[in-house]
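**Q** sequence plus the predicted model coming up.
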Amino acid sequence: MANPKHKFSKQRTAKRRTHDFAPVPTLATCPNCGATVIYHRVCPECGYYRGRQIIEKSVE
Ligand SMILES: [Zn+2]
């Protein structure tokens, strides 16, 4: 009995796999210390977010 050679076309497989990888997060610059931080996240360098200190950093 004849069988189809391929279940899906290459285009259909590629279109499905467009969502297989996590997108690169949007990066922003911290207005407090100038470090590159992930958008909408507390700055890991100084602990500031939206002009307020969220995470206490030990003073060295
Ligand atoms: Zn910062």
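**A** In hand now; what should we look at?

**Q** for the chain, what helix or strand is lowest in average pLDDT?
**A** The weakest-scoring helix or strand in the chain, judged by mean pLDDT, DSSP states H and E, is strand 52-53 (a mean of 84).

**Q** run me through the strand neighbours of that one, direction for each.
**A** Strand 52-53 has the following strand partners under DSSP bridges: strand 48-49 (antiparallel).

**Q** returning to what we had before: other residues contacting the least confident helix or strand of the chain?
**A** 46-47 (Cβ atoms under 8 Å, 6 or more residues apart in numbering). In this view, the C-beta of every residue, glycine as well, is placed from N, C-alpha and C.

**Q** can you tell me the closest non-neighbouring residue to the residue nearest the centre of the chain?
**A** Nearest to the geometric centre of the chain sits residue 25, at 2.6 Å (Cα atoms, centre = their mean). In space, residue 25 comes closest to residue 38 once its chain neighbours are excluded; the distance is 4.8 Å by Cβ to Cβ, 6 or more residues apart in numbering.

**Q** residue 54 too?
**A** residue 42 is the one closest to residue 54 (Cβ to Cβ, 6+ apart), at 4.8 Å.

**Q** which residues touch that neighbour?
**A** 48-49, 54-55.

**Q** would it count as being in a strand?
**A** No. Assigned with DSSP: H, G, I helix; E, B strand; the rest coil, residue 42 falls outside any strand and is coil.

**Q** pLDDT at it, what is it?
**A** What the model reports as pLDDT for residue 42 is 92.

**Q** so where's the protein shaky on pLDDT?
**A** For the chain, the stretches with pLDDT under 70 are 58-60.

**Q** before we move on, the earlier item: separation between the residue nearest to the centre of the chain and residue 11?
**A** To residue 11, residue 25 is 29 Å away according to Cβ to Cβ, to the nearest Å.

**Q** try residue 47
**A** Separation of residue 47 from residue 11 (Cβ to Cβ): 48 Å.

**Q** these two: who's more crowded?
**A** residue 47 (15 against 8; other Cβ atoms under 10 Å).

**Q** contact partners for that one?
**A** Going by Cβ under 8 Å, 6+ apart, residue 47 touches 53-57.

**Q** which helix or strand contains residue 2?
**A** Using DSSP states H and E, residue 2 is not contained in any helix or strand.
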